[in-house]
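Peer 1: Just a sequence and a predicted model for now, questions to come.
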Amino acid sequence: MTRKLRCLAVTLGVTVALTLSGCGGSAEPTGATQNSKGLEKTTIKVGALPIIDVAALYIANAKGYFKDEGLTVEPVVITGGAAAMPQIKSGALDISQTNYVSTFAAVSKGEKIKLVADMYQATPKTFVIMVPKDSPIQTVADLKGKTVLVNNLRNIATLAVTSQLKAAGLTEADVKFAEKPFPDMGNALSAGQADAIWINEPFITANTAKHGFRVIADTMTGEMADFPIAGWMATDEWVQENPKTLAAFQRAIAKAQRLAAGDRKEVESIITTYTKIDAQTASTMTLGTYPATLTAERLQKVADIMLAHKYLDSPVDVKSVIVAPAS
């Protein structure tokens, strides 16, 4: 009798254990169930400026492209690609927006960073030099001895203006560059704090409407035509430690880039949700392009122009900086 009771108790114990195990699995999924894609990290923080360049990031979130990859992406507002470098290196950010000029300058100084996805490329009329409507300045040659406002010194802005100066027979030393954030340039120019501004969208459209400024030069012409502007970066260490997470990000962002490149309305709609751009401005401003694939040959152009204008002390092999998506 005692033996039968012991057997019954064992049988009931096994049954209860299996039942509890089954209930526990339903109520609280295991890590393997939560991360069915096998990602090293299922949630990542991505640094981004609230500008039109990063439209695909927000499209990918809104359309569920990241979710489909088993990934949760948390956008973090940054003040600039260069400013995000310490956050990337400390691990506060997993991936961040960067402009290619800053990236190659940093790589040339020994920073261990990689480009993991493309973002934005210039088209005609997206980055221009503007002057007040009643200014005597008519051409780039007239900028000699004048002050030009740029958002950053020794970066894309000064490189683009210098390229135009060279074409007009002038040098970088023939003008004075001064820093001013894009949103403040219009009022500064109107107040006589400078003679011209180098500016991009949506501020071109906004300042034309508000102040009546004139464009004297499209800086994305000549050697700067189709100039690659920005991409996504991560540290070498992060890339090596999170290959599956990176691949998931690359697939989702590339899908969003293709949508942005093929449907302007998607871009117009999304940028009003994370920037201060209104729908009217979004519908009329000039947009650049949203490449879906990092191309070493195309990006090498940036490093080569930087070298030619002495923004680099030695050549940078762009292939060594790019992390191609996993097949």
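Peer 2: Happy to help now that I have it.
Peer 1: So what's the residue count around T147?
Peer 2: When neighbours are defined as other C-beta atoms under 10 Å, T147 has 15 of them. Glycine gets a C-beta too; all of them are placed from N, C-alpha and C.
Peer 1: can you give me the strands for the chain?
Peer 2: Along the chain, counting by DSSP state E, strands occupy 43-48, 72-77, 95-99, 113-121, 127-131, 147-150, 176-179, 196-200, 214-218, 228-235.
Peer 1: and the last one, what other elements does it pack with?
Peer 2: Counting contacts by 3 or more C-beta pairs under 8 Å, 6 or more residues apart in numbering; DSSP states H and E, strand 228-235 packs against helix 85-90, strand 95-99, helix 100-108, strand 113-121, helix 243-262, helix 296-308.
Peer 1: and the protein, what are its domains?
Peer 2: Taking automatic domain parsing as the criterion, the chain consists of the domains 43-121+227-320, 127-224.
Peer 1: Out of those, which is closest to K37?
Peer 2: domain 43-121+227-320 (3.4 Å; C-beta to C-beta).
Peer 1: Tally up the residues packed near L189, please.
Peer 2: 24.
Peer 1: The closest residue in space to it that isn't next to it in sequence: neighbour count?
Peer 2: By the measure of C-beta to C-beta, 6 or more residues apart in numbering, the closest residue to L189 outside its immediate chain neighbours is I197, 5.2 Å from it. When counting by other C-beta under 10 Å, one arrives at 29 neighbours for I197.
Peer 1: Contacts only, for G38.
Peer 2: Residues in contact with G38 (C-beta atoms under 8 Å, 6 or more residues apart in numbering) are K244.
Peer 1: mind checking how far F104 is from F249?
Peer 2: With distances taken as C-beta to C-beta, to the nearest Å, F104 is found 22 Å from F249.
Peer 1: Please say which of the two ends up with more neighbours.
Peer 2: Neighbour count, other C-beta under 10 Å: between F104 and F249, F249 has more, with 29 against 25.
Peer 1: from memory that one sits against N61, does it?
Peer 2: No: between F249 and N61 there is no contact under C-beta atoms under 8 Å: 11.7 Å.
Peer 1: what touches both of those two?
Peer 2: Joint contacts of F249 and N61 (C-beta under 8 Å, 6+ apart) are V73.
Peer 1: so the residue nearest to L189 bridges to which residues?
Peer 2: Beta bridges link I197 to M130, L149 when assigned by DSSP bridges.
Peer 1: who's in contact with it?
Peer 2: Counting by C-beta under 8 Å, 6+ apart, I197 has contacts 129-131, 148-150, 180, 185-186, 188-189, 207, 213.
Peer 1: Just the buried ones from those?
Peer 2: I129, M130, V131, V148, L149, V150, K180, M185, G186, L189, N207, F213 (16 or more other C-beta atoms under 10 Å).
Peer 1: Show the pLDDT at the fifth one.
Peer 2: Same thing as L149. If you check L149, the pLDDT there is 98.
Peer 1: any idea how far it is from A247?
Peer 2: Separation of L149 from A247 (C-beta to C-beta) stands at 41 Å.
Peer 1: contacting residues for the spatially most central residue of the chain?
Peer 2: The geometric centre of the chain, computed from its C-alpha atoms, lies nearest to Q97 (C-alpha atoms, centre = their mean), at 3.5 Å. For Q97, the contacting residues are 46-49, 53-54, 78, 81, 84, 119, 230-233, by C-beta under 8 Å, 6+ apart.
Peer 1: For it, give its distance to V116.
Peer 2: Separation of Q97 from V116 (C-beta to C-beta): 11 Å.
Peer 1: same deal with V128?
Peer 2: From V128 to V116 the distance is 30 Å (C-beta to C-beta).
Peer 1: can you redo the buried ones among the contacts of I197 as TSV with distance to A168?
Peer 2: Below are the buried ones among the contacts of I197 laid out as TSV (distance: C-beta to C-beta, whole Å):
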residue	distance to A168
I129	11
M130	16
V131	15
V148	13
L149	19
V150	17
K180	23
M185	22
G186	24
L189	20
N207	23
F213	20
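Peer 1: Report the mean confidence score over stretch 71-90.
Peer 2: Here the average pLDDT along stretch 71-90 is 91.
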